[in-house]
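Undergrad: Coordinates only, no sequence provided:
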Ligand SMILES: O=C(O)Cc1cc(O)ccc1O
Ligand SMILES: [Fe+2]
């Protein structure tokens with residue numbers, strides 16, 4: 001399985017045919033009276049039919065059976081995933097979670113059962129909002145496939161490589177890579193070791209590359225480094241379970257064949273992956289600390305110009321060269337919510353404060369910034385060119401929405417650190433009025 005094939009590009013019009021069935025893709029039309037090999041044609045729409053061309057997304061799938069061949073959905077008792085934003089009182093404190101547990105003891109948990117919602121806002125029915133989840137699993141999904149009716153998933157593995165089988169083909173996604181599986185796309189997660197990571201879900205809009213403005217035509221995440229899977233089908237009859245997230249609840253139904261039976265497809269609505277080490281870092285080479293938006297990998301825009309429902313931002317290894325500058329992140333109060341996680345290493349503003357697999361949330365107007373130790377060290381350090389954050393990768397989900405915690409995020413997970421505020425208490429008064 002090592003030699004997976006990928007198609008490179010972001011938002012491109014791709015075509016792909018499983019090499020075992022040449023000619024499966026119709027030529028010159030989408031819906032032939034009879035498709036090659038007796039396949040069925042099915043369109044998956046990721047935008048309104050009438051969306052402007054620049055935002056119009058759809059893919060044509062040529063498959064052994066159309067997706068409609070399944071038995072009725074029944075609601076499941078899985079409430080780990082939810083969009084109940086009124087379970088907890090609002091909390092304006094700085095929040096820090098110790099690393100979320102991998103499944104404990106002999107219990108077997110797959111990707112879907114191991115998904116827990118931590119916080120979010122908005123309404124999947126009105127198609128505006130986000131949810132932040134963590135996943136933690138120790139078995140593959142077996143004969144189960146999952147899809148999300150509510151929005152798109154941006155998956156950030158922190159430990160353990162994921163083999164994500166989709167209707168479009170397969171993606172291998174290791175820590176320090178991300179995958180985006182968009183609304184409606186069926187997928188299955190296979191793992192070979194206990195695995196954990198974070199998920200940013202956006203309702204009703206898709207991720208885009210940020211505009212580059214004066215940066216020019218190249219830089220940050222370059223489109224050709226985004227990889228979509230090449231068509232790969234399985235022709236397997238037998239009991240399969242389809243799990244759907246619909247309006248924030250989990251449903252399940254059965255069918256008697258694998259949903260991964262797409263032999264060929266074409267279109268611009270696809271799952272994709274991206275290797276974060278390919279990010280071209282742009283930063284100040286003179287003085288001062290740039291806003292972290294300079295590290296935006298993908299953005300999901302709201303209707304307000306330049307204001308993101310959610311930005312996915314990383315803090316990659318880089319050189320720091322600014323002169324006469326306090327180089328770490330500045331003290332900050334923000335009109336946006338900042339959820340952060342750590343994939344590996346340590347975060348530059350909080351050595352030891354944020355551990356891989358843990359998280360922080362600095363909510364709207366909640367003060368935050370470097371801890372006392374970081375401030376003192378960075379105020380005194382000789383300002384030579386220096387590597388920042390080697391072998392590390394922190395990230396941020398930044399949102400214009402005010403986020404509510406779920407009961408699991410606030411209590412059940414039992415990972416909130418009540419002492420987090422202490423990391424700022426030793427910041428000294430150093431005012432010198434002489
Ligand atoms: O809060 C944080 O650590 C994220 C952050 C990083 C940075 O470099 C500047 C501002 C900011 O909010
Ligand atoms: Fe911040």
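TA: Everything's here; your move. All values reported here derive from a predicted model rather than from experimental measurement. Ligands and ions are numbered 1, 2, ... in the order given.
Undergrad: per the record, what domains does this protein have?
TA: 6-87+102-276, 281-424 (automatic domain parsing).
Undergrad: Correct me if wrong: residue 197 contacts residue 133.
TA: No: using C-beta atoms under 8 Å, residue 197 makes no contact with residue 133, being 9.4 Å away. Heads up, the C-betas are built off the backbone N, CA and C, glycines and all.
Undergrad: re the thing from before, what's the closest of the domains of the chain to residue 431?
TA: Across the domains of the chain, residue 431 has its closest neighbour in domain 281-424 (14.1 Å, C-beta to C-beta).
Undergrad: Give me the distance between the two termini of that closest one.
TA: With C-alpha to C-alpha, to the nearest Å as the measure, domain 281-424 spans 29 Å from end to end.
Undergrad: go on, stretch 312-331?
TA: One end of stretch 312-331 to the other measures 21 Å (C-alpha to C-alpha).
Undergrad: quick revisit: reformat the domains of the chain as JSON lines; add mean neighbour count, mean pLDDT and distance to ligand 1.
TA: Output for these, formatted as JSON lines (neighbours: other C-beta atoms under 10 Å; pLDDT from 0 to 100; distance: least, C-beta to the nearest ligand atom, whole Å):
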{"stretch": "domain 6-87+102-276", "mean neighbour count": "18", "mean pLDDT": "97", "distance to ligand 1": "15"}
{"stretch": "domain 281-424", "mean neighbour count": "17", "mean pLDDT": "95", "distance to ligand 1": "3"}
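Undergrad: Out of those domains, which is closest to residue 95?
TA: Comparing the domains of the chain by C-beta to C-beta, domain 281-424 comes nearest, at 4.3 Å.
Undergrad: So what's the gap between that closest one and the chain middle?
TA: 17 Å (C-alpha atoms, centre = their mean, to the nearest Å).
Undergrad: Is ligand 2 within reach of it?
TA: Yes: judged by C-beta under 5 Å from the ion, domain 281-424 and ligand 2 are in contact via 332, 338.
Undergrad: check contacts around the residue in the stretch 1-150 of the chain that ligand 1 sits nearest to.
TA: Relative to ligand 1, the nearest point of the stretch 1-150 of the chain is residue 94 (9.9 Å; C-beta to the nearest ligand atom). Contact analysis of residue 94 by C-beta atoms under 8 Å, 6 or more residues apart in numbering lists 360-362, 366-368, 420-421.
Undergrad: Let me see the ranges of the helices in the stretch 251-400 of the chain.
TA: Remark: helices assigned in the stretch 251-400 of the chain by DSSP state H, counting those that start in this stretch are 372-380.
Undergrad: what do you get for the stretch 1-150 of the chain?
TA: Per DSSP H, counting those that start in this stretch, the stretch 1-150 of the chain carries no helices over any range.
Undergrad: Please work out which residue of it is closest to ligand 2.
TA: Going by C-beta to the ion, ligand 2 is nearest to residue 94 of the stretch 1-150 of the chain, at 10.5 Å.
Undergrad: how near is that residue to residue 386?
TA: Separation of residue 94 from residue 386 (C-beta to C-beta, to the nearest Å): 27 Å.
Undergrad: Find the nearest non-adjacent residue to the residue nearest to the spatial centre of the chain, please.
TA: The residue lying closest to the centre of the chain (C-alpha atoms, centre = their mean) is residue 154, at 2.1 Å. For residue 154, ignoring the flanking residues on the chain, the nearest one in space by C-beta to C-beta, 6 or more residues apart in numbering is residue 200 at 4.4 Å.
Undergrad: Surely the one you found touches residue 311?
TA: No: using C-beta under 8 Å as the test, residue 200 is too far from residue 311 to be in contact (9.6 Å).
Undergrad: Need the overlap of contacts for the two.
TA: Common neighbours of residue 200 and residue 311 (C-beta under 8 Å, 6+ apart) are residue 397.
Undergrad: can you map out the strands along the stretch 151-300 of the chain?
TA: Secondary structure of the stretch 151-300 of the chain (DSSP state E, counting those that start in this stretch): strands located at 151-159, 162-166, 169-173, 177-181, 187-191, 195-203, 226-229, 237-246, 249-257, 262-267, 272-275, 296-301.
Undergrad: The third one pairs with which strands, parallel or anti?
TA: Looking at strand 169-173 with DSSP bridges, its partner strands are strand 162-166 (antiparallel).
Undergrad: now the closest residue to ligand 2 within the stretch 201-350 of the chain, nearest residue through space, not along the chain?
TA: For the stretch 201-350 of the chain and ligand 2, the shortest gap (C-beta to the ion) falls at residue 332, measuring 4.1 Å. Once flanking residues are discounted, residue 332 sits nearest to residue 369: 5.3 Å by C-beta to C-beta, 6+ apart.
Undergrad: my read: the one you found touches residue 330, true?
TA: Yes: Residue 369 lies in contact with residue 330 (C-beta under 8 Å); the separation is 6.2 Å.
Undergrad: Turn the domains of the chain into TSV, including distance to residue 434.
TA: Compiled in TSV, these are given as follows (distance: least, C-beta to C-beta, whole Å):
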stretch	distance to residue 434
domain 6-87+102-276	44
domain 281-424	19
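Undergrad: between those domains, which gets nearest to residue 430?
TA: The minimum distance between residue 430 and those falls on domain 281-424, with 9.0 Å, by C-beta to C-beta.
Undergrad: and residue 2, what pLDDT?
TA: Listed pLDDT for residue 2 reads 56.
Undergrad: now do residue 434
TA: Confidence at residue 434, expressed as pLDDT, is 84.
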